[in-house]
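Visitor: the sequence and its predicted three-dimensional model are supplied below.
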Amino acid sequence: MTAQPRPRNVLFSCTMNSIRSPMAAALVRRRFGDAIAVDSCGLYEGYLDPFMVQVMEEWGVDLAGHEPKSFGHISAMADKPDFDLIIVLTEEAQEAAQNYIKETGSKAKLVFWDTPNPTDEMFGPRDLRIQAYRDCRNFLDKKIASQFGKA
């Protein structure tokens, strides 16, 4: 699959902005630095997930200071970003992203990546739960490479 032209400003969205969307945003920053402006939000404001922080630290990415936010937070920003691309990682967040585009008059392209939820593995040994988070991180990293190409 050939990489698409690289956008300049991307928003990732999931359900609670606790795991998938902050991971994706951090992976874009890790790969492209300031070449792509990136943010993340959720349908709901979630919580800081310690497993997400741990698996990102394995790749040298510090997300311990991540503060989950919702579409409402993005909409309320005084200097609203002009997103070229909004990538939705959960079906639940898709309608909120469509509403955000409509309400703000954004010209952003909306893309859906059906991203596995590592919290589906919340029961069982800790190492299996952590592996589910790693699998999610790795899935997102491959999707980002496919969508945006090499740095």
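Guide: Everything's here; your move. Owing to the predicted nature of the structure, the values given are computational and were not obtained by experimental measurement. Numbering: from 1, shown residues only.
Visitor: going forward, measure contacts between C-alpha atoms and count neighbours the same way
Guide: Noted.
Visitor: SS state for the residue nearest to R134 when sequence neighbours are not counted?
Guide: Once flanking residues are discounted, R134 sits nearest to V55: 6.0 Å by C-alpha to C-alpha, 6 or more residues apart in numbering. Under DSSP: H, G, I helix; E, B strand; the rest coil, the three-state class of V55 is helix.
Visitor: wait, V55 sits on D127?
Guide: No: taking contacts as C-alpha atoms under 8 Å, V55 lies outside contact range of D127: 11.5 Å.
Visitor: who has more neighbours, these two?
Guide: Remark: of V55 and D127, V55 carries more neighbours, 22 against 8, as counted by other C-alpha atoms under 10 Å.
Visitor: quick check: that one vs N117, distance?
Guide: 14 Å (C-alpha to C-alpha, to the nearest Å).
Visitor: rewinding a little: from I19, how far out is the residue nearest to R134?
Guide: Per C-alpha to C-alpha, V55 is found 10 Å from I19.
Visitor: so the most centrally placed residue in the chain, which of the three states?
Guide: Nearest residue to the geometric centre of the chain (C-alpha atoms, centre = their mean): S21, 2.1 Å. Here S21 is recorded as helix under three-state DSSP.
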